[in-house]
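Undergrad: below are the sequence and a predicted model for it; my questions follow.
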Amino acid sequence: MSQIETFYEVMRRQGITRRSFLKYCSLTAAALGLGPNFVPQIANAMETKPRTPVLWLHGLECTCCSESFIRSAHPLVKDVVLSMISLDYDDTLMAAAGHQAEAALEETMEKYKGEYILAVEGNPPLNEDGMFCIVGGKPFLDQLKRASKHAKAVIAWGSCASWGCVQAARPNPTQAVPIHKVITDKPIIKVPGCPPIAEVMTGVITYMLTFGKLPELDRQGRPKMFYGQRIHDKCYRRPHFDAGQFVEQWDDESARKGYCLYKVGCKGPTTYNACSTVRWNEGTSFPIQAGHGCIGCSEDGFWDKGSFYDRLTNIPQFGIEKNADEIGTAVAGGVGAAIAAHAAVSALKQLTKKEEHEDQA
Amino acid sequence: MSDTQVAETRVKAAELASTATASDDGEQQIVRRQTAVYVYEAPLRLWHWVTVLCIITLCVSGYFIGSPLPTMPGEASDHFLMGYIRFAHFAAGYILAIAFVGRIYWAFVGNSHARELFIVPIHKKKWWAELLHELRWYLFLEKTPKKYIGHNPMGQLAMFSFFVIGIIFMIITGFALYGEGTGAGSWANNWFGWVIPLMGQSQDVHTWHHLGMWYIIIFVMSHVYVAVREDIMSRQSLISTMVGGWRMFKDDKPD
Ligand code: HEM
Ligand code: HEM
Ligand code: SF4
Ligand code: SF4
């Protein structure tokens, strides 16, 4: 495969100086949580390794992942990675369109059989043989199956591809499913979030391109370096949580003081993502910093876990929605009443028995 | 009382005392013999009361983890309220779990009554008959209950299905949540982290763990009521048995 350029060659061709290239390498190392001693390693890999082709498919989605990706904080990362990717196939971002685009897809798949990385944004609906999502005149489901067949690895961008997200929320009329329900024979790297953070996306892809291997994944297939901890574990409002200082209501004094948002439904304690460390929009802020609780957008089924403003999930049984405490107090109350009634009857019985006894005596 | 039970019990027994109640007015000299059997050995009793303390701590602290107390005034650095509440919860959780493992060990090395909690003899016809009898006693359909050296069948069933199952569930989900805080690579995460994807995601584990508390509370309410009621109305001692280990029978009639 010597005809494929290296990353470095691509960058130089794009007019990037060596100085900027090295800066990019150190930024990448920092983004991946690697020490400065990894910088030469990254630089070396990028200078010598033929670049890995990437195909980027789009299924049922809102395209927020692409929107996030092109807003990456480090312009170099964005430009370089993006231009490298769009060399191959991304029907949203590539210059080509229509038949030309589909031809590019076919060509890449054929030329780099078993070599390319498949990145999937959105997910396939299964109902009606996949007719709810048509790409290039055919169901996305078919395209996904075909493209994954000879992929080296698969990236699931965002909560749609990873978990299903809004189109898979109850009652899910199109039967949209996360891609791991369709692609069962390939390693899948889940990069959930609605959307995922730009730096997380470029970080994952750069890691794979430079090191030629998958990042270390957790039990559910998410890269540990970005999804190893919950929002709550690194939240800057955590001292208020530990102290027991909470926003009780929007607009109260506590809200103005920036106390913990636990009681107004913050899902930070149950959400694995990098928002509280990497933040958003070039590290400017993230939802909690802006005064709103985390809604758990990177978690499985987050649309179906009740209100964004309640910590305890409503349980939609018994006709009405109740949370664990409401169900618990109701049942315990019932049991308590039964016990009281039973105790009353028992006491009565005991009394009559005693009287009988005394009568006999 | 069932004779098999008698046979298998090491009746360390004892004719405890006897001439009870010679009433002052001397109208009738009832000579009552109270048989006593050593049922619950010291480690089991100790375990029972340690567990009681742990569960009370866990329910109270757990409730306040779910619905925290009103906001503390002043600086964050002056307080550590949630921290202490969570610490109490985790400490009691550890003690509960370790004690429960010890209780399982005791089922192997203790006397036969130490096994009753874990092995419900649903394969025995007699057990079912006694269960029915006990049920009728609770529905006020039987005049007198039967005597039991160990647990009565209904108690046994409730202890297994509510307590044993409930506690195992709470320990597994509790340590799964605990492992989220201690992080990837910690022992709790390695051992129990699988629970989280199994139930969906972290929030679902919280919901189930929270519901589990109410399951345990229902057991405790009924259990304490029944213990007090049986202590008064049945033909044997209960609460003092869990304190001192000896089962006292209040009459000499068979069964
Ligand atoms: C958190 C509260 C409690 C829990 C979880 C609990 C649990 C248990 C369990 C699991 C057993 C079976 C022991 C074994 O076979 O190893 C038991 C027995 C017993 N408990 Fe409790 N208990 C609680 C509170 C109490 C209280 C407050 C009392 C006293 C009023 C009490 C009185 C008894 C008695 C008398 C027995 C023996 C029953 C018998 O002899 O059949 N328990 N308890
Ligand atoms: C009878 C046993 C237990 C009861 C009744 C109980 C009750 C509770 C309740 C009500 C919550 C709040 C759930 C929520 O709304 O998010 C909770 C949270 C928790 N429990 Fe338990 N629990 C028990 C045993 C355990 C054990 C054995 C452990 C293991 C260490 C444990 C660890 C935790 C953890 C880590 C949390 C989450 C704390 C947080 O989010 O800050 N629990 N428990
Ligand atoms: S605001 Fe949310 S994430 Fe931050 S400490 Fe409070 S509950 Fe945790
Ligand atoms: S703070 Fe929570 S809801 Fe907001 S983007 Fe991050 S993971 Fe998603």
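TA: Arrived safely. Ligands and ions are numbered 1, 2, ... in the order given.
Undergrad: residue contacts, the closest residue to A:Ala45 other than its chain neighbours?
TA: Of all residues not flanking A:Ala45 in the chain, A:Thr210 sits nearest, at 4.6 Å (CB to CB, 6 or more residues apart in numbering or on different chains). All C-beta atoms are positioned from the backbone trio N, CA, C, and that covers glycine. Going by CB atoms under 8 Å, 6 or more residues apart in numbering or on different chains, A:Thr210 touches A:Phe7, A:Thr28, A:Ile42, A:Ala45, A:Met46, A:Lys49.
Undergrad: looking at those, which are in helices?
TA: A:Phe7, A:Thr28, A:Ile42, A:Ala45, A:Met46 (DSSP state H).
Undergrad: circling back: what's the farthest-apart pair in the contacts of A:Thr210?
TA: A:Thr28 and A:Lys49 (14.1 Å; CB to CB).
Undergrad: higher neighbour count, these two?
TA: Of the pair A:Thr28 and A:Lys49, A:Thr28 is the one with more neighbours under other CB atoms under 10 Å in any protein chain shown, namely 26 against 16.
Undergrad: look at A:Val200 and report its pLDDT.
TA: Looking at A:Val200, its pLDDT stands at 89.
Undergrad: what helix or strand is it located in?
TA: Using DSSP states H and E, A:Val200 maps to helix A:198-211.
Undergrad: quick check: buried residues in that helix?
TA: A:198-211 (16 or more other CB atoms under 10 Å in any protein chain shown).
Undergrad: pull the number of nearby residues for the closest residue to B:Pro153 other than its chain neighbours.
TA: Excluding the flanking residues, the one nearest B:Pro153 by CB to CB, 6+ apart is B:Leu131, at 3.9 Å. By other CB under 10 Å, 17 other residues sit near B:Leu131.
Undergrad: just list what the host helix or strand of B:Leu131 packs against, helices and strands only.
TA: Using DSSP H and E, the element containing B:Leu131 is helix B:125-138. In terms of contacts (3 or more CB pairs under 8 Å, 6 or more residues apart in numbering or on different chains; DSSP states H and E), helix B:125-138 is packed against helix B:153-158.
Undergrad: hmm, 10 Å instead?
TA: On a contact count with 3 or more CB pairs under 10 Å, 6 or more residues apart in numbering or on different chains; DSSP states H and E, helix B:125-138 meets helix B:153-158, helix B:202-233.
Undergrad: what about that helix, near ligand 1?
TA: No. Helix B:125-138 stays clear of ligand 1 (CB under 6 Å from any ligand atom), getting no nearer than 11.2 Å.
Undergrad: buried stuff in that helix?
TA: Buried-residue list, helix B:125-138, by 16+ other CB under 10 Å: B:Trp127, B:Glu130, B:Leu131, B:His133, B:Glu134, B:Trp137, B:Tyr138.
Undergrad: lowest-pLDDT helix or strand in the chain?
TA: Unless you meant another one, I'm taking chain A. helix A:75-86 (a mean of 61; mean pLDDT, DSSP states H and E).
Undergrad: wait, chain B was what I had in mind.
TA: Among the helical and strand segments of chain B, the one scoring lowest on mean pLDDT, DSSP H and E is strand B:15-16, with a mean of 40.
Undergrad: partners of whichever helix or strand comes after it, with directions?
TA: Later in the chain than strand B:15-16, the nearest helix or strand by DSSP H and E is strand B:34-38. Using DSSP bridges, strand B:34-38 pairs in its sheet with strand B:15-16 (antiparallel), strand B:246-248 (antiparallel).
Undergrad: next secondary structure after strand B:34-38?
TA: Next along from strand B:34-38, by DSSP H and E: helix B:42-66.
Undergrad: show me what that next one is packed against.
TA: With contacts defined as 3+ CB pairs under 10 Å, 6+ apart, the packing partners of helix B:42-66 are helix A:324-360, helix B:81-109, helix B:165-182, helix B:202-233, helix B:239-244.
Undergrad: worst average pLDDT in these?
TA: Among the helices and strands packed on helix B:42-66, helix A:324-360 scores lowest, at a mean of 84.
Undergrad: and that one with ligand 2, contact?
TA: No. Helix A:324-360 lies apart from ligand 2 when judged by CB under 6 Å from any ligand atom; the minimum separation is 6.9 Å.
Undergrad: count the residues that sit near the closest residue to A:Arg237 other than its chain neighbours.
TA: Leaving aside its chain neighbours, A:Arg237 sits nearest to A:Cys260 (4.8 Å; criterion: CB to CB, 6+ apart). A:Cys260: 28 surrounding residues under other CB under 10 Å.
Undergrad: for A:Ala344, same thing?
TA: A:Ala344 has 10 nearby residues by other CB under 10 Å.
Undergrad: quick one: contacts for the residue of the stretch 51-200 of chain B found nearest ligand 4?
TA: Taking CB to the nearest ligand atom as the measure, the stretch 51-200 of chain B has B:Glu180 as its residue closest to ligand 4, at 15.0 Å. Residues in contact with B:Glu180, defined by CB atoms under 10 Å, 6 or more residues apart in numbering or on different chains, are A:229-230, A:232-233, A:269-270, A:272, B:186, B:188-189, B:192-193, B:196, B:202, B:205-206.
Undergrad: those residues of chain A touching ligand 3, which are they?
TA: A:231-232, A:235, A:237-238, A:241, A:260-262, A:266, A:268-269, A:288, A:293-294.
Undergrad: and the residues you listed, which of them are in helices?
TA: Checked against DSSP H, the residues of chain A next to ligand 3 include these in helices: A:Arg238, A:Phe241.
Undergrad: and the residues of chain A next to ligand 3 near ligand 4, which?
TA: Within the residues of chain A next to ligand 3, those near ligand 4 by CB under 6 Å from any ligand atom are A:Ile231, A:Cys294.
Undergrad: out of the residues of chain A next to ligand 3, which is nearest to B:Thr51?
TA: Using CB to CB, the residues of chain A next to ligand 3 come closest to B:Thr51 at A:Pro269, 27.6 Å.
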